[in-house]
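Engineer: What would the 3D arrangement of this be:
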Amino acid sequence: MPDIDRIIDIARDVLVGTSPLGRQDTFLFDHSMRVMRVADRLAACEEVCQWRVDRFALSVAALFHQAATVRLDEERRTSTVYAAATMSAEDVKAYSAELAGDRLLGTVPARQSELVQEIIRRAHDSVIELSEAKILSDADSLDDIGALGLWRDLRRYLLEGRAVTDAVRAWQRREEYGYWEARVRDVFNLATARRLAESRLAAARAFMQQLRRECEGDDLPAEVAGPAPHGGAS
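Structural biologist: Next comes the predicted model:
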């Protein structure tokens, strides 16, 4: 079996791009490393222990599941007509799988490389039969919920020059529409992952509630709190 550290080095080369500020951007590589770690732990949980899982192929697929993203982002920055404009989520998965196969050539045995590509292509399908793809989907979705999901959203708002109140309002709209309940109910394959998502969501809600209170000054003591100013998050 190939050394996973060697695979990580290859993934780093694929996933580290350039930030909007012209600096090295490790955001996607960091995300993929987290997904790999969580996927490996989910693969060891009691719920999965009876499944037949290639944990090495799962780890490699987790590293490369968004391999196409950096290249597509580069196209967005450098071209007025770019492939990402017309690529569906299925296209992006297929492109990521193709890039993974290309970069792993000669490093990972052909049979495992084919499995890695299939895991990437099948992840987040509406109906998933492949065990490794179920686990990867859940690990990836968990990175979108809780403190990590907030970090991703706040990072995007900062890059877009948006205000803290924009983040608060966006969160409130999701809550009003029952977005998170539907997400936790519908996207996870494992009960273990669903329980963890619920726990992470509770922590995120507590943070966003405090952020809203501080934005509006609702945390001020009664003796200094006056009428709510105009323009606060509603």
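Engineer: least trustworthy helix or strand in this structure by mean pLDDT?
Structural biologist: The weakest-scoring helix or strand in the chain, judged by mean pLDDT, DSSP states H and E, is helix 68-78 (a mean of 76).
Engineer: Can you name the next helix or strand after that one?
Structural biologist: helix 89-104 (DSSP states H and E).
Engineer: Next, the buried residues of that following helix.
Structural biologist: Residues Val92, Lys93, Ala94, Tyr95, Ser96, Ala97, Leu99, Ala100, Gly101, Arg103, Leu104 are the ones in helix 89-104 that count as buried (16 or more other CB atoms under 10 Å). For the C-beta atoms, the positions are set from N, CA and C on the backbone; glycine is no exception.
Engineer: From His124, how far off is the second one?
Structural biologist: From Lys93 over to His124 the distance is 8 Å, taken as CB to CB, to the nearest Å.
Engineer: Repeat that for the fourth one.
Structural biologist: Applying CB to CB, the value for Tyr95 to His124 is 14 Å.
Engineer: Quick check: chain neighbours aside, which residue is closest to Leu104?
Structural biologist: Ser113 (5.0 Å; CB to CB, 6 or more residues apart in numbering).
Engineer: which ones are touching that neighbour?
Structural biologist: By CB atoms under 8 Å, 6 or more residues apart in numbering, the contact set of Ser113 is Ala100, Gly101, Leu104, Leu105.
Engineer: Run a quick check on Ala203 versus Gly146, I expect a contact.
Structural biologist: Yes. Ala203 is within contact range of Gly146, at 5.6 Å (criterion: CB atoms under 8 Å).
Engineer: For this structure, just list every one of the helices.
Structural biologist: 4-15, 27-43, 55-64, 68-78, 89-104, 110-122, 131-142, 147-159, 164-176, 179-187, 191-216 (DSSP state H).
Engineer: Alright, I will stop here.
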